[in-house]
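*Asks:* I'll drop the sequence and a predicted model, then ask my questions.
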Amino acid sequence: MKKVLVRYKVKADKVTENETLVKEVYKQLNENKIDGFHYCTFKLGDGVSFVHIAFADTEEANTAFSNLPAFKNFQANIKDRCEELPVASPVTIIGSSDFQVI
C-alpha cells in the first residue's frame, strides 16, 4: 500500500485556480470510482497552503489515479501556481479512529 502526504503553498492570487483544479480531480474520482484509492485534500488556515493525503491499496489504483486527465491537468502548471513547490512524504499510519471525510 502506498501512502503519501503532499504539502505545498500557492501564490495568493492562485488559490481559486488551485481549488478549481482540485475540485475537478474529485469530480473525475467520483465519476470513475477507483477501487482501492483513498484521497483527501485540505486547505490550511493560512489560506494558501494545501495538504493532499493519498492511500493506494495497489499499484494499479495509484496508476489509475495518476492517469486521470484532471490530475494531469492539476499537475501541468503547478510550478507556476506555487510559492513553495510540492513536497511528497511517505507516511505511516500510527492509528486512526473513524477517520472519514464526507
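*Replies:* Yep, it's here.
*Asks:* quick one: Ile53 is in a helix?
*Replies:* No. Going by DSSP: H, G, I helix; E, B strand; the rest coil, the assignment for Ile53 is strand, not a helix.
*Asks:* which strand residues bridge it?
*Replies:* Residues in a beta bridge with Ile53, per DSSP bridges, are Leu5, Cys40.
*Asks:* just give the nearest non-adjacent residue to the most centrally placed residue in the chain, would you?
*Replies:* The centroid of the chain falls nearest to His52 when counting by C-alpha atoms, centre = their mean (3.8 Å). Leaving aside its sequence neighbours, His52 sits nearest to Val6 (C-beta to C-beta, 6 or more residues apart in numbering; 4.5 Å). In this view, the C-beta of every residue, glycine as well, is placed from N, C-alpha and C.
*Asks:* can you report how many residues lie near the one you found?
*Replies:* 14 (other C-beta atoms under 10 Å).
*Asks:* correct me if wrong: it contacts Cys82.
*Replies:* No. If you go by C-beta atoms under 8 Å, Val6 and Cys82 don't touch, sitting 11.6 Å apart.
*Asks:* ok so, going back, do I have it right that the residue nearest to the centre of the chain meets Cys40?
*Replies:* Yes. With contact defined as C-beta under 8 Å, His52 and Cys40 form a contacting pair (7.4 Å).
*Asks:* measure stretch 73-83 end to end?
*Replies:* End-to-end distance for stretch 73-83, by C-alpha to C-alpha, to the nearest Å: 19 Å.
*Asks:* cool, and stretch 31-42?
*Replies:* 21 Å.
*Asks:* same deal with stretch 42-56?
*Replies:* End residues of stretch 42-56 are separated by 18 Å (C-alpha to C-alpha).
*Asks:* buried sites along that stretch?
*Replies:* For stretch 42-56, the neighbour count (16 or more other C-beta atoms under 10 Å) marks 48-50, 52-56 as buried.
*Asks:* confirm that Ile34 sits in a helix.
*Replies:* No. Assessed with three-state DSSP, Ile34 is coil; it does not lie in a helix.
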